[in-house]
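A.B. asks: Predicted model follows, preceded by the sequence.
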Amino acid sequence: MNSNIIQHITSCRLPTEYGVFQMHGFVDTRSNQEHTALVMGDVADGNAVLSRIHSECLTGDALFSQKCDCGAQLQAAMQAVQAEGRGVIVYLRQEGRGIGLINKIRAYALQDQGLDTVEANLALGLPVDARDFSIAKYIYEHLGVQSVRLLTNNPEKIQTLRDCGIEIVERIPLKVGENPENIGYLNTKADKLHHLLKD
Ligand SMILES: Nc1nc2c(ncn2[C@@H]2O[C@H](COP(=O)(O)OP(=O)(O)OP(=O)(O)O)[C@@H](O)[C@H]2O)c(=O)[nH]1
Ligand SMILES: [Zn+2]
């Protein structure tokens, strides 16, 4: 992975409900996939940066879906960065853990019939998790981020990120957004995907 593959294109000021961020646009030249990072404060000073690596969930992040916890996690992460006045939200456009929106809708249709989030992907002949987290490493490098305190409940994501060469000095839990519609989904994440969601 190098700057020829993940290219920084441009950036702008983005005022949000959770403060003013600098929004950076990146392109993966292999797929033309566009990614973004929201930055607040000086993240290139060498101190560990509060960060969330968020995977796109159109249904949860933008359409108020209650089937998952993604929207609440994104909101809480942005609030946490605002509270510190410093941090990075890396927003990777890897919808549906990388299978894409249409396949996620197919998976949701199978979930309507009783399959869980893991079984549905497998029934479609798709990987349970097809995300490429090495993109985040280049984004951090471009921003001058040397190490992070990562907001996540997923220890396997931490391991994958470390394998990519990202230095994670602390895991910060992000347990928000539980509701009656997503309790089964969260239980499956805890039981089958080993997310640290239970006390
Ligand atoms: N295929 C599929 N993807 C889903 C489903 N529900 C949410 N997603 C996607 O899952 C991704 C978020 O991953 P999660 O497994 O919730 O969490 P994580 O990023 O691995 O871990 P955290 O950092 O703790 O949130 C987003 O890309 C969502 O679009 C589902 O039922 N099926
Ligand atoms: Zn979601």
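C.D. replies: Nice, thanks for sending it over. Ligands and ions are numbered 1, 2, ... in the order given.
A.B. asks: From the chain's centroid, how far away is the longest helix belonging to the chain?
C.D. replies: Identified as the longest helix of the chain according to DSSP state H is helix 70-84. Centroid separation for helix 70-84 versus its chain: 12 Å, with CA atoms, centre = their mean, to the nearest Å.
A.B. asks: Would you mind pulling up the elements that that helix packs against?
C.D. replies: Counting contacts by 3 or more CB pairs under 8 Å, 6 or more residues apart in numbering; DSSP states H and E, helix 70-84 packs against strand 19-28, strand 33-40, strand 49-55, strand 87-92, strand 148-151. The way it works is simple: take the backbone N, C-alpha and C, and place the C-beta from them, glycine included.
A.B. asks: Please point out which parts of the helix or strand of the chain with the lowest mean pLDDT sit buried.
C.D. replies: Ranked by mean pLDDT, DSSP states H and E, the helix or strand of the chain with the weakest confidence is helix 183-192, at a mean of 89. Using 16 or more other CB atoms under 10 Å as the test for burial, helix 183-192 gives Tyr185, Leu186, Thr188, Lys189.
A.B. asks: wait, does it contact ligand 2?
C.D. replies: No - under the criterion of CB under 5 Å from the ion, ligand 2 is not reached by helix 183-192; the shortest gap measures 8.7 Å.
A.B. asks: Alpha carbons of that helix, as PDB, please.
C.D. replies: Provided in PDB are the C-alpha atoms of helix 183-192 (Å, rounded to 0.1, in the frame of the first residue of the first chain):
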ATOM      1  CA  ILE A 183     -30.600  -7.200  20.200                       C
ATOM      2  CA  GLY A 184     -30.400 -10.500  18.200                       C
ATOM      3  CA  TYR A 185     -27.900  -8.900  15.900                       C
ATOM      4  CA  LEU A 186     -25.700  -7.600  18.800                       C
ATOM      5  CA  ASN A 187     -25.900 -11.100  20.500                       C
ATOM      6  CA  THR A 188     -24.700 -12.700  17.200                       C
ATOM      7  CA  LYS A 189     -21.800 -10.200  17.000                       C
ATOM      8  CA  ALA A 190     -20.800 -11.100  20.600                       C
ATOM      9  CA  ASP A 191     -21.200 -14.900  20.100                       C
ATOM     10  CA  LYS A 192     -20.000 -15.500  16.600                       C
END
